[in-house]
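K.L.:
got a structure for you, letters missing:
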Ligand code: NAD
């Protein structure tokens, strides 16, 4: 075993008492061990974070910004090592891992530019009413396995900018790059401000129950998000932000230029092998374009280079873990059993690792799990429509509401349709992507609250209203 990582608690590396295996999804073999945090280690981290919070809350915004920019530079300085580790544990191509590290540093910098300043609500002969933002205390960040660094740090950075301290728990499937980042935090941030602990799902539950944690910033599935909310309510009514799954529809209107949009639509669905919250997960295409779009997307699916993310030129990696690999294959098999036709792909690759050929499916409809659920894998169903109003209703007929898009040669018409879609973000002639400055989140079961932007940072603070005398 070559890699044994450590937690970072109170600025120092802390060994595990127990360990668990980390698997490289490109080979399906164990390549490292990660420490499995005990409850006592969580308690230590909470106490360290509480101490750090008491000092950090008093640090002026300008000084905080400088410190956070230093953290971002230190991450960039370790980009190559972090990216190698990320590819080996997550599976994404090395170029994508490098982009994730860069995006992680950019998230910190972009968020650190914001500052929560007091707002005067009233000022007249009765006196002044001022609203100010107070940090909450200790924030627990819980991250998923698809983009572990970017998403974990996104929560952490919002919390830190608002004046809180952080305990970050990565997914047990992808703990290593985050633990490495914890080491960097231990060396560049004030002691105890940013702690990292790895462990199983139990550790996540202990965090949501912990009376010493004031807020959970959670990124993951709807099912787990509901457990987080219930557990947070049952303990100390800790604040919760939930960034959950999606089943994003792309509506392709009859006037769309198929050849022009196909590559972008393809990558909006298949990036990170479809393991992205805001990937296109179903395409509603006007019936007149179904065959041409199906052919264009299948060509791309057949051309794309799938393989071990460490091999040069690979564009799509494996599914990150065995349960998800089996789930996605099950969705494909079920869709085919119900009359679906795979225009491209349709099966696992005949090689070690959790690889599925990029798959495009037609002949399926609502009522099929591949269409109704979040597949979170490299398989895209194409559904034909004849009437735009019906397409809008079908796009909205879901418990999810993360993203959606409209594709058309007429941007004005597309914008009118976009305004009818029930989703936290709606794009026109593109789909996906988020930046630190712009809020992101979901309608309905895709989440609670909004992350990113000033709005995201405010959700890591309490609002205090002061009635001041004249
Ligand atoms: P998951 O819900 O299985 O796990 C997420 C995290 O929760 C992990 O760290 C896990 O250990 C932890 N966890 C598990 N049980 C817990 C419990 N009872 N209490 C507290 N924590 C617990 O999700 P996943 O499979 O890792 O990630 C995929 C999902 O994440 C997809 O649905 C995807 O759409 C979603 N996602 C959403 C966004 C967004 O911004 N909206 C971004 C990325 C991923």
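P.N.:
Done, it's in. These numbers come from a predicted model, not from an experiment. Residues are numbered from 1 along each chain as shown.

K.L.:
just the element for residue 75, please.
P.N.:
Following DSSP states H and E, the helix or strand that holds residue 75 is helix 61-77.

K.L.:
where does the stretch 101-250 of the chain get nearest to the ligand, residue-wise?
P.N.:
In the stretch 101-250 of the chain, the residue found nearest to the ligand is residue 204; the distance is 2.2 Å by CB to the nearest ligand atom. (C-beta placed from N, C-alpha, C; glycine too.)

K.L.:
before we move on, the earlier item: now whatever helix or strand comes next after the helix holding residue 75 against helix 61-77, angle please.
P.N.:
Toward the C-terminal end, the helix or strand that comes next after helix 61-77 (DSSP H and E) is helix 79-90. Angle, helix 79-90 to helix 61-77, by axes from the mean of the first three to the mean of the last three CA atoms, to 10 degrees: 70 degrees.

K.L.:
just checking, next helix/strand downstream of helix 79-90?
P.N.:
Where DSSP H and E defines the elements, the next helix or strand beyond helix 79-90 is helix 94-112.

K.L.:
could you give the mean pLDDT of that following helix?
P.N.:
Mean per-residue pLDDT for helix 94-112: 98.

K.L.:
now do that helix and helix 61-77, the angle between them.
P.N.:
Relative orientation of helix 94-112 and helix 61-77, computed by the same axes, to 10 degrees: 170 degrees.

K.L.:
quickly check: helix 94-112 near the ligand or not.
P.N.:
No - judged by CB under 6 Å from any ligand atom, helix 94-112 makes no contact with the ligand; its nearest approach is 12.0 Å.

K.L.:
average model confidence for the helix or strand just after that helix?
P.N.:
Following helix 94-112 in sequence order, the next helix or strand is strand 119-124 (DSSP H and E). Taken as a whole, strand 119-124 has an average pLDDT of 97.

K.L.:
do the same with stretch 307-322
P.N.:
Model confidence over stretch 307-322, given as mean pLDDT, is 98.

K.L.:
what do you get for stretch 462-470?
P.N.:
Averaged over stretch 462-470, pLDDT sits at 95.

K.L.:
any idea how far it is from the chain center?
P.N.:
Relative to its parent chain, stretch 462-470 has a centroid offset of 36 Å by CA atoms, centre = their mean, to the nearest Å.

K.L.:
three-state assignment of the residue in the stretch 251-400 of the chain positioned nearest to the ligand?
P.N.:
The ligand sits closest to residue 277 of the stretch 251-400 of the chain, with a gap of 3.1 Å, by CB to the nearest ligand atom. Three states are possible here, and by DSSP: H, G, I helix; E, B strand; the rest coil the one that applies to residue 277 is coil.

K.L.:
who touches the residue lying closest to residue 379 once chain neighbours are set aside in this structure?
P.N.:
For residue 379, ignoring the flanking residues on the chain, the nearest one in space by CB to CB, 6 or more residues apart in numbering is residue 359 at 4.0 Å. Taking CB atoms under 8 Å, 6 or more residues apart in numbering, we find residue 359 in contact with 301, 332, 342, 344, 345, 346, 378, 379, 380.

K.L.:
farthest-apart pair in these, please.
P.N.:
Pairwise distances across those peak at 12.8 Å for 301 and 332 (criterion: CB to CB).

K.L.:
around the ligand, pick out the residues from the protein.
P.N.:
Contacts of the chain with the ligand, taken as CB under 6 Å from any ligand atom, map to 142-146, 151, 169, 171-172, 201, 204-205, 208, 219-221, 224, 227-228, 243-246, 277, 374, 376, 402, 447.

K.L.:
now the buried members of the residues you listed.
P.N.:
With burial judged by 16 or more other CB atoms under 10 Å, the buried subset of these is 142-146, 151, 169, 171-172, 204, 208, 219-220, 224, 227-228, 243-246, 277, 374, 376, 402, 447.

K.L.:
inside strands: which ones of those residues?
P.N.:
With strands identified by DSSP state E, the entries of these that belong to them are 142, 169, 219, 243, 447.

K.L.:
in these, find the pair that's most separated.
P.N.:
Maximum pairwise distance in these, criterion CB to CB, is 18.7 Å, between 169 and 447.

K.L.:
hang on, the earlier thing: now, the contacts of residue 359 that are in helices?
P.N.:
Using DSSP state H, the members of the contacts of residue 359 that fall in helices are 301, 332.

K.L.:
switch the contacts of residue 359 over to CSV; also include pLDDT and distance to residue 459.
P.N.:
CSV is the format used below for the contacts of residue 359 (pLDDT from 0 to 100; distance: CB to CB, whole Å):
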residue, pLDDT, distance to residue 459
301, 98, 39
332, 98, 38
342, 98, 42
344, 98, 41
345, 98, 40
346, 98, 42
378, 99, 33
379, 98, 34
380, 99, 33
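
K.L.:
just the buried residues of the contacts of residue 359.
P.N.:
By neighbour count, with 16+ other CB under 10 Å, those hold 301, 332, 342, 344, 345, 346, 378, 379, 380 as buried.

K.L.:
the fourth one against residue 302, yeah?
P.N.:
Right, residue 344. Yes - distance between residue 344 and residue 302: 5.3 Å, which falls inside the contact criterion (CB atoms under 8 Å).
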